[in-house]
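Visitor: Next come a sequence and a model predicted from it.
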Amino acid sequence: ISRFEEDPMDAVRVGDQLDVEGVLEGTIQKLEGVTRVSVQLTDVSRGAIVWSDRLDLPEGRLFEVQDEIARRVVEGLRVKIGPTEKIQRGQQVPDDVMEDYLGARAQLPEAIRMSPEGRRELVARFDRILERAPNFARAIGARAYARAVLNFQAPSPGGHEAARAALPAAAERTVELVRSIRDPATPMRGSDWTVGEAAAHLAVVARAFAAAAAGRPVGPAGVAPDLDDFHERLAQVNARALAAAPDPDPALLADRLGDGIAAFLRVVAERPGEDQVATPWYGRGVTCRLDTLTCLAIGEVVVHGYDIARALRRPWPIDPEHARLVVAGVFPAMIPLTVDTAATAGLRAAYELRVRGGPRFVVRFHDGAATVEPPAGRPVDCWISADPTALLLLGYGRTGPWGPIARGRSAQRDSQSGRPSRKSSGKIWARKRC
């Protein structure tokens with residue numbers, strides 16, 4: 001809640017934004033030898049102050065303020081606490097350590113959006129705090145969360161190397177599939193595109209990714225439209241790209257796709273995965289990590305290859321490792337961008353996604369917006385477990401959730417009861433195929 005520190009917003013509006021029943025606010029004054037804290041508790045639904053108090057604590061006992069406030073709130077509201085729920089006194093730590101801890105802890109909600117350097121520095125701040133107070137339990141827990149975010153958002157070099165190694169094989173399959181197209185006008189199931197248009201899209205995307213990685217970020221058709229809505233923006237980019245594409249000669253498109261992927265691989269060969277590249281077709285000022293872009297390239301050739309193969313009535317087995325790389329590398333970065341704001345308006349829920357044999361992450365929805373975070377102990381409404389291929393096709397909008405569940409490739413369960421969940425997550429992923 002540190003974002004409200006400089007905001008004149010009153011407690012009721014803050015409570016509405018945070019979706020809480022009560023807001024505790026106060027001020028801290030440091031007097032000679034004494035820390036004075038004045039606090040008040042506001043009932044958000046009524047807009048009324050239901051409790052207020054002032055605490056004077058000797059210097060060196062700043063950490064106890066939180067526990068003492070909690071105890072007094074409970075006493076003031078006449079809530080009975082059982083013997084197993086007694087509020088424990090906090091550890092005594094020096095005031096300067098406590099202040100450093102509070103400053104570092106305030107940054108935790110923003111850690112998921114920090115640069116790799118920023119996340120590493122946040123972990124280092126907690127390291128320095130624990131050097132001065134080794135048994136500071138809350139700092140130990142906060143550092144654990146910061147480390148989880150660091151590991152979650154910054155894949156190891158091996159992860160980027162695995163994506164680079166997987167892309168040539170994944171692309172080569174699709175290149176040969178495109179080359180084998182006999183009738184480019186063959187329609188694709190569930191799409192307005194023909195197989196020739198899908199192949200042209202792949203050729204343009206491969207060249208756009210190579211240009212972005214080389215520092216020449218342009219929309220696939222030359223200029224990204226100035227639209228706020230992600231889906232409308234991407235749809236116009238794709239439409240412009242297809243309008244500018246050459247005649248859908250399969251052999252020519254196959255060569256262009258192969259050349260674009262080769263150019264992309266040459267650019268990324270010696271660059272670290274955490275390098276940021278501009279991707280304006282996803283939104284104004286939007287950038288993504290190079291390892292994410294590599295996984296996106298795998299997703300493009302695998303999923304659009306799947307589309308073309310289905311239209312041609314060809315088998316298209318998807319390598320589970322390719323699917324796992326795309327889910328792990330793409331979903332955390334793209335879900336906040338691709339969430340359907342209309343479909344998720346009013347939704348406040350958290351889903352933990354468990355990729356079998358792969359990563360786990362939590363998607364939290366709040367009134368049309370989504371954030372992705374590592375599983376770090378916060379409660380979720382249900383968890384979804386799926387094999388990587390089923391989750392890949394679900395995430396890209398190629399299948400609904402119930403087919404994979406019926407075949408045992410996906411499961412949705414309530415996090416409290418463990419029973420199959422009735423909460424539908426079908427609208428989470430994408431409103432349009434891309």
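Guide: Looks like it arrived, so ask away. All values reported here derive from a predicted model rather than from experimental measurement.

Visitor: Look at the closest residue to A104 other than its chain neighbours and report its pLDDT.
Guide: For A104, the nearest residue in space outside its immediate sequence neighbours is R125; the separation is 4.4 Å by Cβ to Cβ, 6 or more residues apart in numbering. C-beta here means a position set from N, CA and C on the backbone, and glycine is covered the same way. In this prediction, R125 carries a pLDDT score of 93.

Visitor: my read: R125 touches L102, true?
Guide: No. The pair R125 / L102 is not scored as a contact, 11.4 Å apart, by Cβ atoms under 8 Å.

Visitor: quick one, which of those two is more surrounded?
Guide: Neighbours of R125 and L102, each counted by other Cβ atoms under 10 Å, are more numerous for R125; the result is 20 against 14.

Visitor: so when I look at L55, I'm seeing a helix, right?
Guide: No. Under the criterion used here (DSSP: H, G, I helix; E, B strand; the rest coil), L55 is strand, not part of a helix.

Visitor: And for it, nearest residue in space, chain neighbours not counted?
Guide: Take L55 and drop its neighbours on the chain: the residue closest to it by Cβ to Cβ, 6+ apart is V37, 4.6 Å away.

Visitor: ok, and for the one helix or strand F264 maps to, which residues are buried?
Guide: Under DSSP states H and E, the secondary-structure element containing F264 is helix 250-268. Of the residues in helix 250-268, those buried by neighbour count under the rule 16 or more other Cβ atoms under 10 Å are 250, 252-254, 256-258, 260-261, 263-265, 267-268.

Visitor: And the residue nearest to L55, how close does it get to V327?
Guide: As for V37, its distance to V327 is 47 Å (criterion: Cβ to Cβ, to the nearest Å).

Visitor: So for those two, which residue has more residues nearby?
Guide: Taking V37 and V327 together and counting by other Cβ under 10 Å, V327 has the greater number of neighbours (26 against 18).

Visitor: Please tell me how far the more buried one sits from T287.
Guide: Relative to T287, V327 is positioned 21 Å away (Cβ to Cβ).

Visitor: and the gap between G190 and R233?
Guide: When distance is defined by Cβ to Cβ, G190 is 22 Å away from R233.

Visitor: Between the two, point out the one with more neighbours.
Guide: When neighbours are counted by other Cβ under 10 Å, R233 comes out ahead of the other of G190 and R233, with 21 against 12.

Visitor: What is the helix or strand that contains that one packed up against?
Guide: When elements are assigned from DSSP H and E, R233 belongs to helix 230-244. Under the contact criterion of 3 or more Cβ pairs under 8 Å, 6 or more residues apart in numbering; DSSP states H and E, the helices and strands touching helix 230-244 comprise helix 195-213, helix 320-338.
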